[in-house]
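*Asks:* Predicted structure and sequence below. I'll ask about it afterward.
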Amino acid sequence: MVFYFKARPEAGDYTIFMGLDKHENEELIKYGFLEDIWFHVDKMSSAHVYLRLRKGQTIDDISEGNKVNNIDVVYTPWANLKKTASMDVGQVGFHNSKMVRTVRVEKRINEIVNRLNKTKVERKPDLKAEREAVNAAERAERKLHLRDKVSSI
């Protein structure tokens, strides 16, 4: 089960999602998109939360919200997540620690949490099929671009 949330349209109408448990987190790690930004409360057992950016956006285009007081939240692009066979279920590392950012959250803003919870939807997505569909669309776009490039020569 994956939980989906919607940010306010004025915030960019982002999709935010997280797995029900560490096994769902494994699937989200495995089939993430390049546009996904991964969030986790540092040094605490907590959910892996993802924010899906739109094409062309970067990690610099987002702002942070919070759920509890006085915590550090680490975040990095999905492509920077590193998973090895020796890691426990739901555990991740990073390919490049310089790409990992940390934000200190001093005070929980209940208004944000309550608003997000009102948009919560539970789904059982086929993450592998979603990822394959995105890959196929990207391949088709590259082929079209290449075909246009060749025909203009």
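*Replies:* Happy to help now that I have it.
*Asks:* correct me, but residue 134 touches residue 33?
*Replies:* Yes. The pair formed by residue 134 and residue 33 meets the contact definition of C-beta atoms under 8 Å, at 6.0 Å. C-beta here means a position set from N, CA and C on the backbone, and glycine is covered the same way.
*Asks:* what residues are shared contacts of the two?
*Replies:* Here residue 134 and residue 33 have no joint contacts, going by C-beta atoms under 8 Å, 6 or more residues apart in numbering.
*Asks:* what is the mean pLDDT for the longest helix belonging to the chain?
*Replies:* Across the chain, the helix with the greatest residue count (assigned by DSSP state H) is helix 127-151. When pLDDT is averaged over helix 127-151, the result is 90.
*Asks:* just checking, what packs against it?
*Replies:* Contact partners of helix 127-151 among helices and strands, from 3 or more C-beta pairs under 8 Å, 6 or more residues apart in numbering; DSSP states H and E: helix 22-30.
*Asks:* Enumerate the positions of the helix it packs on that are buried.
*Replies:* For helix 22-30, the buried set under the neighbour-count rule, 16 or more other C-beta atoms under 10 Å, comprises 24-29.
*Asks:* Alright, I will stop here.
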